[in-house]
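Colleague: need a structure here:
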Amino acid sequence: MSIYVGNLSYDVTQDALSAVFAEYGAVKRVQLPTDRETGRLRGFAFVEMSSEDEEAKAIEALDGAEWLGRDLKVNKAKPKEDRSGGSFGNRGGGGGYNRSNNRY
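Modeller: Here you go, the predicted structure:
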């Protein structure tokens with residue numbers, strides 16, 4: 001499992017974030033997602049640590065802590081949702097856009 005870290009400064013680096021979490025245990029991986037179009041950081045990260053005990057200590061210590069002028073939101077990461085299909089999946093024959101008269 002990994003840790004979700006939200007409300008991050010857009011100036012954060014992987015090394016800096018890793019150093020903060022390393023105070024609570026061994027950091028295995030840090031992911032800083034970026035926007036596909038702009039390449040800018042998205043303001044959150046995922047941190048993976050060596051054990052659940054270390055993760056729990058880091059979450060307890062850092063949730064709500066101020067870092068780089070921001071109050072961090074730190075908790076267990078939720079599993080990624082499956083975005084295939086979703087509520088707009090197969091509509092069958094009914095509904096939807098009608099090309100012949102440009103109406104729904």
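
Colleague: Bridged to the closest residue to residue 62 other than its chain neighbours, which residues?
Modeller: Sequence neighbours aside, residue 74 is the residue nearest to residue 62 in space, at 4.5 Å (criterion: C-beta to C-beta, 6 or more residues apart in numbering). Any C-beta I mention is one placed from the backbone N, CA and C, and that applies to glycine too. Residue 74 forms beta bridges with residue 5, as assigned by DSSP bridges.

Colleague: I'd guessed residue 74 sits against residue 63; true?
Modeller: Yes: Residue 74 lies in contact with residue 63 (C-beta atoms under 8 Å); the separation is 4.2 Å.

Colleague: so how many other residues sit close to the residue nearest to residue 62?
Modeller: 22 (other C-beta atoms under 10 Å).

Colleague: Check the spacing between it and residue 67 real quick.
Modeller: Separation of residue 74 from residue 67 (C-beta to C-beta, to the nearest Å): 10 Å.

Colleague: Using the neighbour-count criterion, name the buried positions in the helix or strand hosting residue 28.
Modeller: Per DSSP states H and E, residue 28 falls inside strand 27-31. Using 16 or more other C-beta atoms under 10 Å as the test for burial, strand 27-31 gives 27, 30.

Colleague: Show me what it is packed against.
Modeller: helix 14-22, strand 44-49 (3 or more C-beta pairs under 8 Å, 6 or more residues apart in numbering; DSSP states H and E).

Colleague: Which one of the ones you listed lies nearest to residue 3?
Modeller: Each of the helices and strands packed on strand 27-31 has some distance to residue 3 by C-beta to C-beta; the shortest is strand 44-49, at 4.6 Å.

Colleague: Please enumerate residues in contact with the helix or strand that comes right after that closest one?
Modeller: Scanning forward in sequence from strand 44-49 by DSSP H and E, the next helix or strand is helix 52-62. The contact list for helix 52-62, computed with C-beta atoms under 8 Å, 6 or more residues apart in numbering, reads 1-3, 5, 20-21, 23-26, 47, 49, 72, 74-76.
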